[in-house]
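[1] following is a predicted model, sequence given first.
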Amino acid sequence: METAEQIRDRLLARFPGAEITVVTNPGLSAQHSLLLGSPHARAIAQFLRDDPTLRLDQCSNVTGVDWPEKEIIDTVKVTVPDPAGGPPKVIEQKNKRLTPAYLEVVYHLYSIALRHGPVVIRTRTGNRSDQVDVPSLTPVWRSCEFQEREVFDLFGVSFSGHPDLRRILMWDGFKDYPMRKDYVDPDDYEWEPTPHDEVLARAKVHYPATPAAPEPKA
């Protein structure tokens with residue numbers, strides 16, 4: 001099967017102007033992936049499915065990833081003059097930068113026909129608040145339908161073009177997204193009729209104060 005770099009090069013030739021980046025995996029699996037810009041994501045997905053060399057006809061898994069804002073320190077070496085007139089010195093300079101927060105959707109693709117894979121593709125949202133739309137790939141692989149709904153439900157990614165985008169694990173009135181890294185569990189669970197252990201300890205804070213028992217009469 002072609003490498004991620006080879007697939008990227010063919011995609012760029014087929015879709016000039018598309019945003020396609022190889023995301024390397026430093027782990028032992030070395031399972032690199034392709035990050036797709038949203039405008040071309042669905043057309044690229046259809047190409048991956050129909051291309052005779054790839055024929056990625058099955059999407060086995062769709063998952064979400066939450067990437068909050070993160071501070072990164074870059075260390076670079078710079079040459080500075082020696083105040084004493086000696087030879088220039090090389091020092092390390094640390095620069096701080098913030099990576100913006102975003103949500104990511106990861107798809108694992110296989111070819112049943114050609115018996116190869118996976119090819120991993122990714123899409124990203126603009127942020128974690130008001131730019132959370134990415135194109136649904138359910139029109140390309142029907143197996144994405146329930147899995148994209150799960151990512152919508154637990155991470156808050158909105159899939160444009162999805163045929164039935166609604167919560168699948170949490171109820172309709174539920175607020176927030178349980179798989180985001182900044183999610184905070186409620187002190188008491190609506191579905192927990194008899195809270196116990198840690199849930200009970202948190203819930204007690206919100207219980208009404210117990211009135212003091214009357215003093216016994218003399």
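    Received, thanks.
[2] and the helix or strand containing D9, what's its mean pLDDT?
    Using DSSP states H and E, D9 sits in helix 4-14. In this model, helix 4-14 has an average pLDDT of 97.
[3] run the chain-centre distance for that helix.
    Taking C-alpha atoms, centre = their mean, to the nearest Å, one finds helix 4-14 lying 23 Å from the centre of the chain it belongs to.
[4] phi, psi for the residue nearest in space to the middle of the chain please.
    The centre of the chain sits closest to V65, judged by C-alpha atoms, centre = their mean, with a distance of 2.2 Å. Main-chain torsions, V65, degrees, to the nearest 10: phi -140, psi 140.
[5] tell me where the protein has strands.
    Remark: strands assigned in the chain by DSSP state E are 20-23, 33-36, 58-67, 70-80, 89-99, 102-111, 116-124, 133-135, 158-160.
[6] out of those, flag the one nearest A203.
    strand 58-67 (26.9 Å; C-beta to C-beta). All C-beta spots, glycine's among them, are computed from the backbone N, C-alpha and C.
[7] hmm, back to that, can you redo the strands of the chain as JSON lines with mean pLDDT and distance to R180?
    Shown next, in JSON lines, are those (pLDDT from 0 to 100; distance: least, C-beta to C-beta, whole Å):
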{"stretch": "strand 20-23", "mean pLDDT": "97", "distance to R180": "21"}
{"stretch": "strand 33-36", "mean pLDDT": "98", "distance to R180": "20"}
{"stretch": "strand 58-67", "mean pLDDT": "97", "distance to R180": "5"}
{"stretch": "strand 70-80", "mean pLDDT": "86", "distance to R180": "14"}
{"stretch": "strand 89-99", "mean pLDDT": "86", "distance to R180": "17"}
{"stretch": "strand 102-111", "mean pLDDT": "98", "distance to R180": "8"}
{"stretch": "strand 116-124", "mean pLDDT": "97", "distance to R180": "15"}
{"stretch": "strand 133-135", "mean pLDDT": "98", "distance to R180": "16"}
{"stretch": "strand 158-160", "mean pLDDT": "98", "distance to R180": "14"}
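[8] relative to D51, which of those is closest?
    strand 102-111 (9.9 Å).
[9] how far does that closest one sit from the chain's center?
    With C-alpha atoms, centre = their mean, you get 9 Å for strand 102-111.
[10] neighbouring strands - and their directions - for that strand?
    Within its sheet, and counting by DSSP bridges, strand 102-111 is paired with strand 58-67 (antiparallel), strand 116-124 (antiparallel).
[11] how far away is E92 from T99?
    Separation of E92 from T99 (C-beta to C-beta, to the nearest Å): 21 Å.
[12] swap in A203?
    The spacing between A203 and T99, counted by C-beta to C-beta, is 37 Å.
[13] all set now, cheers.
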